[in-house]
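Enquirer: got a structure for you, letters missing:
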Ligand code: HEC
Ligand code: HEC
Ligand code: HEC
Ligand code: HEC
C-alpha cells in the first residue's frame, strides 16, 4: 500500500516535470519479462556468477519430485509467474524457470532495448525476498547475510 502511494506521488511529480518522465514510467510499468539470456548478453560477469546460485537451479528442486508442473510450487521457483512474458508452465516457458534476474530487478522488456532510458530496480529490498522466503518456507532467513550472495560467491 505504501509503495502505491509513493508511486502515485512520483507519477504526479513527473507529470508536472514534463512528458519524457511520464513516458518512461508508463513503459516500465508495462514492461514484459524477457528472461536471463538477454541480461547476460550485456551483464556477462554477473550472468556467469549467477548460474552458480541456487536461484538459478530452483526448478531442479521441483523436478526431483516431478513437481515442476505444480502451480503451488512454481510460484516461488520461477520468474514472472503469470505475468506478461513470464512463466506459464514448464512445457510452454521452460526458459522462464528458476528465480532469475528479473525476480529481483523487475521486468526488463524496456531496459534491454534502452538500458539508459529503461531503468531497472537497483536494490530489491527485504520485502521482496520475504514474498518467497516466508516464515513457513524459510524460518531462519537472514536478509543482511543472504543479500551478500545475490549474484553468487
Ligand atoms: C543492451 C545491453 C543490456 C542488456 C541486454 C541489459 N542491460 Fe542492464 N544495464 C545496461 C547498462 C549499459 C546499464 C547502465 C545504465 C546506466 O548506468 O544508466 C545497465 C544497468 C542495469 C542495472 C542497474 C540499474 C539501472 O537501471 O541502471 C540493473 C539492475 C540491470 N542493468 C539489470 C539488467 C537485467 C535484469 C537485464 C535483463 C532483463 C539487463 N540488465 C539487460 C545494459 C544492458
Ligand atoms: C520468487 C521467489 C523468490 C524470491 C523473490 C527470492 N527468492 Fe531466494 N530462493 C527462492 C527459492 C525457491 C530458493 C531455493 C532454490 C532451490 O534450491 O531450489 C531460494 C534460495 C535462496 C538462497 C540460497 C539458499 C540459502 O538460504 O542460502 C539465497 C541466498 C536466497 N534465496 C536469497 C534471496 C534474497 C536475498 C532475496 C531477495 C533479494 C531472494 N532470495 C528472493 C525463491 C525466491
Ligand atoms: C512461498 C514460496 C515457496 C513455495 C510456495 C514453495 N517453495 Fe520450495 N523453496 C522456497 C524457498 C525460499 C526455498 C529456499 C529455502 C530453503 O532452502 O528452505 C525453497 C527450497 C526448496 C527445495 C530445496 C530444499 C533443500 O534444502 O535442498 C525444494 C526441494 C523445494 N523448495 C520444493 C518445493 C515444492 C515441491 C513446492 C510445492 C509443494 C515448493 N517448494 C513450494 C520457497 C517456496
Ligand atoms: C536475489 C536477487 C538478485 C538476483 C536474482 C539478481 N540480482 Fe542483480 N542485484 C541484486 C542486488 C541486491 C544488487 C545491489 C547490490 C549489489 O550491487 O550487489 C544487484 C545489483 C545489480 C546490478 C547493478 C550493480 C552491479 O553490480 O553492476 C546489475 C547490473 C545487476 N544486479 C544485474 C543482474 C543480472 C544480470 C542478474 C541475473 C543474471 C541479476 N542481477 C540477478 C540482487 C539480485
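Expert: Thanks, I have the structure now. Since the structure is predicted, the reported quantities are computational estimates derived from the model, not experimental observations. Ligands and ions are numbered 1, 2, ... in the order given.

Enquirer: gap between residue 56 and residue 146?
Expert: According to Cβ to Cβ, to the nearest Å, residue 56 and residue 146 sit 15 Å apart. For glycine as for every other residue, the C-beta is placed from the backbone atoms N, C-alpha and C.

Enquirer: more crowded one of the two?
Expert: residue 56 (19 against 14; other Cβ atoms under 10 Å).

Enquirer: what secondary structure does that one sit in?
Expert: helix (DSSP: H, G, I helix; E, B strand; the rest coil).

Enquirer: and the protein, which residues reach ligand 1?
Expert: 34, 38-39, 41-43, 101-102, 105, 108, 111-112, 115-116, 119-120, 122 (Cβ under 6 Å from any ligand atom).

Enquirer: give me the buried subset of the residues you listed.
Expert: Using 16 or more other Cβ atoms under 10 Å as the burial test, the residues of the chain next to ligand 1 include 34, 38-39, 43, 101-102, 105, 108, 111-112, 120 as buried.

Enquirer: now these in a markdown table, with distance to residue 76?
Expert: Listed next are these as a markdown table, based on distance: Cβ to Cβ, whole Å:
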| residue | distance to residue 76 |
| --- | --- |
| 34 | 20 |
| 38 | 23 |
| 39 | 20 |
| 43 | 24 |
| 101 | 16 |
| 102 | 15 |
| 105 | 17 |
| 108 | 20 |
| 111 | 24 |
| 112 | 25 |
| 120 | 21 |
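
Enquirer: now render these as TSV, adding secondary structure, pLDDT and distance to residue 136.
Expert: Output for those, formatted as TSV (DSSP: H, G, I helix; E, B strand; the rest coil; pLDDT from 0 to 100; distance: Cβ to Cβ, whole Å):
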residue	secondary structure	pLDDT	distance to residue 136
34	coil	97	31
38	helix	97	33
39	helix	98	30
43	coil	98	33
101	helix	98	26
102	helix	98	24
105	helix	97	26
108	coil	97	30
111	coil	97	33
112	coil	97	35
120	coil	97	29
